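Trainee: Structure here, sequence nowhere to be found:
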């Protein structure tokens, strides 16, 4: 009896389905890759090179990257120094009021949200890849590249296979009450 119950429960657990083919991008769709960052987060610093490479490969008139700094300690001069030090080719903005953080439910830096602005839909949210097993534990070799896979699928107008992963990073501080 218990075996039958466990077997039935196992049948009901299925991985998330890829987006149906009719939910691929239209040529006029505007997509933004929002990247939640913090200049003093070592994990955010680590991912600047992969982000720069992905931007250089995929950014165009329909796909843009925006770095968001939700922590109140991130001031414009610190953000610009971060942008210069890591040669980030995309715009950086503050999110001190947590409008985007709360809209997307972001919790850590770095965390990415690939958002179809035209359809008002999150296409992917989570980690950039699996380089970090946990905070303070970086893998020697990354085995998955979720953000690159998503951007490749969008570029080829194919369904996105994985829509959500658990990001690893530095916690976003609470919103400043002022």
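Mentor: Yep, it's here. Predicted, not measured: the structure shown is a model, and the values here were computed from it.
Trainee: Helix, strand or coil: sort out residue 80 for me.
Mentor: Secondary structure state of residue 80, per DSSP: H, G, I helix; E, B strand; the rest coil, is helix.
Trainee: Please, which helix or strand holds the residue nearest to it when sequence neighbours are not counted?
Mentor: Spatial nearest neighbour of residue 80, excluding adjacent residues (CB to CB, 6 or more residues apart in numbering): residue 92 at 7.5 Å. Any C-beta I mention is one placed from the backbone N, CA and C, and that applies to glycine too. Residue 92 belongs to strand 91-94 when assigned by DSSP states H and E.
Trainee: can you give me the strands for the protein?
Mentor: 31-36, 63-69, 91-94, 108-109, 111-116, 121-126, 132-134, 137-138, 170-171 (DSSP state E).
Trainee: by contact count, what packs against the fifth one?
Mentor: The criterion is 3 or more CB pairs under 8 Å, 6 or more residues apart in numbering; DSSP states H and E, and the helices and strands that strand 111-116 contacts are strand 31-36, strand 121-126, helix 146-155.
Trainee: One more: the longest one?
Mentor: If contacts are counted by 3+ CB pairs under 8 Å, 6+ apart, strand 63-69 sits against strand 31-36, helix 48-58, helix 76-85, strand 91-94.
Trainee: With distance to residue 147 as new columns, can those be given to me in TSV?
Mentor: Compiled in TSV, the helices and strands packed on strand 63-69 are given as follows (distance: least, CB to CB, whole Å):
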stretch	distance to residue 147
strand 31-36	7
helix 48-58	6
helix 76-85	19
strand 91-94	18
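Trainee: Between the ones you listed, which one is closest to residue 120.
Mentor: Closest to residue 120 of those, according to CB to CB: strand 31-36, at 11.6 Å.
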